[in-house]
Each structure stands twice: as structure tokens, then as C-alpha cells.
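> When you get a sec, could you give me coordinates for this:
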Amino acid sequence: MMKQIDQQFFSLLRTGLWGTEPEVSLFAGETDWETVFLMAKEQTVVPMVADGVESLLSRTDIEIPREVRKRFASGLLKTEQRNRRMDRLSTYLFQKAEAEGIPCVILKGQGVARCYPVPLRRQSGDVDVVVLPEDFERICALFAPVAKAIEQQGEGTLHRAMYFGDLQVEFHGSIESELTRRTDCRLEVLHRELFAEGGIRILEEGDFRIPVPSVRFDTQYLLSHLYKHFFQEGVGLRQVCDWMMFVHAHAAELDADVLAEDLRKIGLENAWTLFSAFCVRYLGAPRFPLCGEVKEPVLEKVWQLMSIHGNFGKKTFHGWAEGVYFVKKITSLFRAVPQVAEKIGVAPGDSLRFFLYYFRRAFVKLKKGV
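From the prediction side, this is the model:
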């Protein structure tokens, strides 16, 4: 049975996501508004919950502490301001790469934000720029002179992080999930296909202009990304909402038979079933294509794990091994053991496959010094 505070939190989040009326009866008694705010912060959905709070207050005579309301308002304002800067940076990156003849795609982030009712209110992280392996060094060389800082990475990796002011950009010459060999092999194929004709869409809104993947690619990739973090560190509701809002926005473009075959090839059938059921049950999503039935105790366990660890595991592992690349990798390796064990009751088969594949790859990487 979900706790009262969790029910209140999800009610506010659903209102913020879909514009539905809040469930006023849930707030008839006492509400720990400080905890509601902290939950929204930990799950990186402050603006959506803030919208839910304002909707609730406009319909009732409920009062919340002034300080908490100010924190919600401040979080919403800062998110909008940051997103405007992220939009400008994403457009700049594309324009500069395009001028040099370097094909690139921006994953997640500012593209997925366009699937939300108010794009500026999706809490942003970094900018992920993907190129073909042969273009990786070219794009890094292009932006290195104008970056404020460059994060050191293992030699030979096709991943490099740069900072433009306080905004992080990650350049990728490969796309991996670290879930299973099957998933990574399929992503490698999809990565190549992405840069074939028809693989890239251009999103344009006024001065905003960025290249994003095809709907078919993103439907699979966004799910693989959140499922990876569900096993490896911790996944927040923001990532689940990203995938949910994307699927909802493009539902008319998804063919059920094609989708089923895509999920089979990439090995994400169980992930789709689990998280589509979670989105329908807790986030108020309209019924997903191929949405299966999942028992309530399993869905409650999923939320329990998300609540324990927070987005990217920041509640559990905040501050562990920051800054040093190899130390971070070793720490990530050993902290994955209890994380995988926790998921056995939720996804036993996928837990075992992830465990074997992740550790084999991790030890190979450490041995190579990559």
C-alpha cells in the first residue's frame, strides 16, 4: 500500500504533467510540504510538481508554508532560465558542427523537452551530442578551443565531456547501454542507421534549431537509457517522464507490430512492460501500446527503489569518488553489486543478464585502462 505522502506527491506530479485536476481529497488531512518538495527535487521534477501545487492551491483554501512555496517558485524559475541557455547552447553546437560538415545528433535533453506541455519546465541535465566514430576526434577538436574545461577520460574512449560556462556537453562517438550484449549490439546498428538517410529529424522553433533522432530510434534508446540507470545507479522520475512523454507525443507514429519486433531485437520487452505499466498506474499516462499487466507489489517495489536512490543514485552515492576517472569507474563497478541484487525481485532474468555483462565489460575496461 502506497504511503499517503507518496500518493500526494504523485497526484501533484500527474496534475503538472497532464493538466488534470488534483485529487483534493488526498490533502484533506496534514501534508508534509517540506517532504513533498524534497521528493520533487530528488526525482528532478520540481517544475511539474510546482505546477501541480499551484493548481491545487487555486482550487482549495489549503495553505502551504511560504518558504516551501518560494522554493518551488525558485526551482521553476531557475529551470526555465537554464533551459533557455541550454536551447541556445544546443543550437550553437549544431550550427558550428554543421558549418564544418560534421553530422551530429543531440540525444534526450532539449529535443525530448518539446514533448512536454511546457518545454522550458522539463529539468535539464547536460547536452549529449552523438557523432559517428570516425567524426569523434573532429568534433572534439572543433569545440575544445572554446570550452571552459575538458574532463579527463580514459585513453581510447569515444566519450568526452566539456564545459561551456556551467553547462556540460558530452560528446559521444559510440552509443552503449551496458545492459546486455544483445542490447549494445543492436544500439551499434541503430547508431549507424541514425546517420543514414531519414535517420535524423530537425526541430525548429524560432531561433532554436537542433538535430534529433528518428522517432523509432528514440523510442528504443530512451528506454534503454532509463533501464540502464535503473540497474546501474538509480533512475529518477525525470527519466521515466521523458520516455513516457516522448511515447505519448509520438504514439500515432508507432506501429505495434514494428515496435514489438524492435523491442525483441534490442532485448527490452521486459523493460517496456514494466515501465509502461508504471507510467499508466502512477504517472497517469494513457494506455501505452503493448502495455502489459504488472502486479501492484512489483510496481511498488520499482517506486521504492527509485525513492531510495534518487536520480542517478544521488541520494545513495552522492559524493562518491568525484573527479578522478579511474576511481569513479572502480567505485561504480563495486557499488553495482547491491544495486543488481535489489532488482532481482522486479526483473530476475534481466538482473542476471545485466550482472554478467556489466562485470565482464567493466573488468575488461579496467584491464585495458579505458
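
> give me every residue that touches residue 300.
For residue 300, the set of contacting residues under the criterion of C-beta atoms under 8 Å, 6 or more residues apart in numbering consists of residue 2. (C-beta placed from N, C-alpha, C; glycine too.)

> For it, report the pLDDT, please.
Note for residue 300: predicted pLDDT of 95.

> same deal with residue 350?
According to the predicted model, the pLDDT of residue 350 comes to 89.

> With the one 10 residues further on instead?
Here, the pLDDT recorded for residue 360 equals 80.

> what's the burial count for it?
Other residues within reach of residue 360 by the criterion other C-beta atoms under 10 Å amount to 11.

> any idea how far it lies from residue 353?
Noted for residue 360: a distance of 11 Å to residue 353, by C-beta to C-beta, to the nearest Å.

> same thing with residue 159?
With the distance defined as C-beta to C-beta, residue 159 ends up 23 Å from residue 353.

> who has more neighbours, the two?
Remark: of residue 159 and residue 353, residue 353 carries more neighbours, 19 against 16, as counted by other C-beta under 10 Å.

> My guess is the more buried one contacts residue 180. True?
Yes. Contact between residue 353 and residue 180 holds when scored by C-beta atoms under 8 Å: they sit 4.8 Å apart.

> Name the SS class of residue 188, please.
Under DSSP: H, G, I helix; E, B strand; the rest coil, the three-state class of residue 188 is helix.

> Neighbours of it, how many?
As a burial measure, residue 188 scores 14 neighbours (other C-beta under 10 Å).

> All the helices of the stretch 1-150 of the chain, residue numbers only.
4-18, 33-42, 46-59, 66-99, 109-112, 136-143 (DSSP state H, counting those that start in this stretch).

> pLDDT on the first one, on average?
Looking at helix 4-18 alone, the average pLDDT works out to 97.

> Just name whatever secondary elements it is in contact with.
Using 3 or more C-beta pairs under 8 Å, 6 or more residues apart in numbering; DSSP states H and E as the contact test, the elements touching helix 4-18 are helix 33-42, helix 46-59, helix 237-249.

> For it, what is the distance to the chain centroid?
19 Å (C-alpha atoms, centre = their mean, to the nearest Å).

> ok, the nearest residue to residue 122 once chain neighbours are set aside - how many residues close by?
Beyond its immediate neighbours in the sequence, the residue positioned closest to residue 122 (C-beta to C-beta, 6 or more residues apart in numbering) is residue 113, lying 4.2 Å away. Burial of residue 113 is recorded as 21 neighbouring residues (other C-beta under 10 Å).
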